[in-house]
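# Let's see this in three dimensions:
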Amino acid sequence: MAGFNTHFITAFAFSALLVSSGLNASLCPFCSAINLTFAEQIRSNDIVVIAKLIDLPDPVDDPDAELPKAQFEITQIVKGEAFVQTGMKFRTLLVGRYPLGQEFLVMGVDPPDVAWSTPMKTSPRVTDYLIEIQSLPKSGAERLAYFQEFFEDEESILAFDAYDEFASASYEDLKDLRDQMDHDQLVKWIQDPDTSVNRRRLYFTLLGVCGTPQDIEMLAGFIRSGDRKQQAGLDALVACYLTLKGADGVELVEESFLANKEADYVDTLAAVSALRFHGTDETIIPKEKIVGAIRHLLDRPKMADMIIPDLARWEDWSVVERLVKMFKDADDETNWLRVPVITYLRACPKPEAKQYIEELREIDPDAVRRADFFLDFDDDEEGWGDEDEDEDEAKPASDQTENKGPDKQNPPGEAGKNAKEEGSSGGDGNDQRLSYQVISTQITDDSPSPSKSHTVKKPIVEGTDSTRQLDTNPTVAISNSGAPVTPEVKVEPSTMTQAVPAATPMAAATTGLEQTWQIIFIPMAVSLIIFVLLWSVFNGWFERLIY
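I've put the predicted structure just below:
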């Protein structure tokens, strides 16, 4: 379990920090879209129509037979006039039993042999909604002003879509909507115990934009209550409170969650998320105040690893000696702290930081190697994993010339950058489609999936005929002359113009690669499960199971 914790914290905490710092700045900070919005679905489909059910298929007893399809007639075209006409009939699968004449929203792709989506029951209000949203701006306060009128609509499908529109909007757009928000209605929804956790998070976020000093005491009461119902959506609640109260509100958060060692882990994590929001997306509270608050968690070993990346990101180098001591004092129960400490020291500009790393390497070389592995894995991220570039710059010009090969024509880091750009060239990720039933064609999604590639630098061996690149797998053997030999590439010592020393950084790294299955696959799989469970709690699924 200790080994798992080390890998999990390194891979998850630092990677999540690097990624979330970009995501939170662009999307509603405490909301998560549940589905594609109607607008997104309309954009990604060729045909969108309203069609009425005109014929039900006969039941089929043979389980191996093709599923029967119901027949529909198009009554209104929302999109795709060039491909279909009013009155056109088509067949597709229908889930459920409905009376003839019932109207449905149906979407299709790839005309003329259209693959139709599963029909969704609709109404005249939904049809009007679909037509109206196509005339709205693609983003901004004017667009959101339309959707906020449907937050708690009696047509649940419209209420869900309005929520998803806000969850997909930027925080800046939410702030631009301030003068058009209904403050009193937001407060009523927040105080309603039947409001779902997801919607409560959204309403807290909006109240933080349009709230007044009179709301502060209500929010403080929720925080002090200890009641799960009143604290539902705690991360957004704390962020809203701090937005309205300002720096003076940090004291209550410290007292309730950070300095309180009895506070529940999930509640403390929610408080940290709120402080991260204020440290990245808002400027109301000074960074020094935020850092001072989360520093309390260094007194709680089980949570200290969670905030060490934040201390590095906000450049709090006042705890270097304290973290070094925590590394040295860590035992089998707390050794997961060691990897975050090393990554913190890697980011620290103080000259003594490098000295501490070498000192700690003597105590636990595995922890240092794991930290280096994950930082090197993220070396495309700005500010992390730049040691290779520094080493190359420090080499004499002759050494740099000798080590250049076919894949070293670009400066360090450029190969990874180019690979990343090439991997993302397949699309912008917005072309998302529904699940379709095929009428006369088989529909497949051939769009490439963007991926991030990692460039591994390999030693170069120059022969008399050509320059060849050695494989760097764990089975590399070193000959008596110091030249690596692999089954794929055999190099005679007499043909080499540059021998690879036996003790190269890549040779040292092979030890870590031998344990790749321990470092990556098992902990990553388990970390994904833990992440899903935590995310479930944050989105209120756990509360709904209890209450």
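
# Ile42 versus Pro112, what's the distance?
With distances taken as Cβ to Cβ, to the nearest Å, Pro112 is found 20 Å from Ile42. C-beta: built from backbone N, CA, C; applies to glycine.

# These two: which is more packed in?
For Pro112 and Ile42, the more surrounded residue by other Cβ atoms under 10 Å is Ile42, and the numbers stand at 18 against 8.

# need the contact list for the closest residue to the more buried one other than its chain neighbours.
The shortest distance from Ile42 to any residue that is not its chain neighbour, by Cβ to Cβ, 6 or more residues apart in numbering, is 5.3 Å, and that residue is Val48. With contacts defined as Cβ atoms under 8 Å, 6 or more residues apart in numbering, Val48 is in contact with 41-42, 77-80, 105-108, 130.

# So which of the residues you listed are in helices?
Among the contacts of Val48, the ones falling in helices (DSSP state H) are 41-42, 130.

# still on that earlier bit, which of the contacts of Val48 sits closest to Pro340?
When the contacts of Val48 are compared for distance to Pro340 (Cβ to Cβ), Gln41 comes out closest, at 41.5 Å.

# Return the per-residue confidence for that closest one.
What the model reports for Gln41 is a pLDDT of 95.

# Same check on the one 10 residues further on?
pLDDT recorded at Ala51 is 97.

# Same check on Thr92?
The per-residue pLDDT reported for Thr92 equals 95.

# swap in Tyr203?
Value for Tyr203, per-residue pLDDT: 97.

# what's the answer for Val537, then?
Confidence at Val537, expressed as pLDDT, is 50.

# For the closest residue to Tyr344 other than its chain neighbours, grab the count of nearby residues.
Leaving aside its sequence neighbours, Tyr344 sits nearest to Ala312 (Cβ to Cβ, 6+ apart; 4.8 Å). Here the neighbour count serves as a burial measure; for Ala312 (other Cβ under 10 Å) it reads 22.

# Surely Ala312 and Ile342 touch.
No. Here Ala312 does not reach Ile342: they are 11.0 Å apart, not a contact under Cβ atoms under 8 Å.

# on contacts alone, who are the packing partners of the one helix or strand Tyr356 maps to?
Using DSSP states H and E, Tyr356 sits within helix 351-363. Other helices and strands packing on helix 351-363, by 3 or more Cβ pairs under 8 Å, 6 or more residues apart in numbering; DSSP states H and E, are helix 320-329, helix 338-347, helix 365-377.

# deepest of the ones you listed, which one?
Relative to the other members of the helices and strands packed on helix 351-363, helix 338-347 carries the highest mean neighbour count by mean count of other Cβ atoms under 10 Å, namely a mean of 25.

# Okay, strands next: where are they in the stretch 201-350 of the chain?
Taking DSSP state E, counting those that start in this stretch as the criterion, the stretch 201-350 of the chain contains no strands.

# show me where pLDDT drops low in it?
Screening the stretch 201-350 of the chain residue by residue with the criterion pLDDT under 70, one finds no matching range.

# redo that, cut-off 90
226, 281, 300-303, 305-306, 330-337 (pLDDT under 90).

# if we can go back for a sec, just curious, which of the contacts of Val48 is nearest to His278?
For His278, the nearest member of the contacts of Val48 is Gln41. The distance, counting by Cβ to Cβ, is 34.6 Å.

# how close does that closest one get to Asp128?
Summarising the geometry, the distance separating Gln41 from Asp128, computed by Cβ to Cβ, is 17 Å.

# So if I had to pick from the two, which one is more boxed in?
The residue with more neighbours, out of Gln41 and Asp128 and counting by other Cβ under 10 Å, is Gln41; that gives 19 against 10.

# ok, Val187 touching Leu206?
No. Between Val187 and Leu206 there is no contact, the gap being 10.5 Å when judged by Cβ under 8 Å.

# Of those two, give the one with the bigger neighbour count.
Leu206 (28 against 17).

# Which residues are in contact with the more buried one?
Applying Cβ under 8 Å, 6+ apart, one finds that Leu206 lies in contact with 174, 177, 181, 186.

# Now do the buried residues in stretch 132-148.
When burial is assessed from 16 or more other Cβ atoms under 10 Å, stretch 132-148 yields the following buried residues: 133, 136, 141, 143-144, 146-148.

# what residues go with each domain of the protein?
Split into domains by automatic domain parsing, the chain comes to 1-24+299-381, 38-133.

# now the ones you listed in TSV, with distance to Asp248?
Below are the domains of the chain laid out as TSV (distance: least, Cβ to Cβ, whole Å):
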stretch	distance to Asp248
domain 1-24+299-381	20
domain 38-133	41
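
# Tell me which of those domains is the most buried.
domain 1-24+299-381 (a mean of 18).

# Looks like Val341 contacts Ile308 (just checking).
Yes. Contact between Val341 and Ile308 holds when scored by Cβ under 8 Å: they sit 6.6 Å apart.

# Give me the common contacts of the two.
Both Val341 and Ile308 are contacted by Leu323, under the criterion Cβ under 8 Å, 6+ apart.

# Make sure Tyr98 is actually in contact with Lys121.
Yes. Counting by Cβ under 8 Å, Tyr98 does reach Lys121; the two are 7.0 Å apart.

# Phe150 and Ala236, how far apart?
Look at Phe150 and Ala236: by Cβ to Cβ, they are 20 Å apart.

# Correction: the previous question concerned Gly211.
For Gly211, the distance to Ala236 under the criterion Cβ to Cβ works out to 12 Å.

# Also Phe30?
Phe30 is 4 Å from Ala236, by Cβ to Cβ.

# Find the residues that touch each one of those two.
In contact with both Phe30 and Ala236: 201-202, 204-205, using Cβ under 8 Å, 6+ apart.

# mind listing which of these are in helices?
Helix and strand membership here follows DSSP H; of the shared contacts of Phe30 and Ala236, those in helices are 201-202, 204-205.

# Next, work out how far apart Arg97 and Cys210 are.
45 Å.

# repeat for Arg199
If you measure Arg199 against Cys210 using Cβ to Cβ, the figure is 16 Å.

# These two: which has the busier surroundings?
It is Arg199, of Arg199 and Cys210, that has more neighbours when counted by other Cβ under 10 Å, with 23 against 17.

# who are the neighbours in contact with the residue lying closest to Ile223 once chain neighbours are set aside?
In space, and not counting its chain neighbours, Ile223 is closest to Ser256: 5.8 Å by Cβ to Cβ, 6+ apart. Residues in contact with Ser256, defined by Cβ under 8 Å, 6+ apart, are 223-224, 263, 271.

# coming back round to it: Throw the ones in helices among the contacts of Val48 into CSV and include distance to Ile357, thanks.
Compiled in CSV, those are given as follows (distance: Cβ to Cβ, whole Å):
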residue, distance to Ile357
Gln41, 51
Ile42, 54
Leu130, 59
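
# ok, so of these, who is nearest Lys287?
The shortest approach to Lys287 among the ones in helices among the contacts of Val48 belongs to Gln41, at 40.9 Å (Cβ to Cβ).

# I'd say that closest one and Met107 touch.
Yes. Gln41 is in contact with Met107 according to Cβ under 8 Å; the separation is 6.4 Å.
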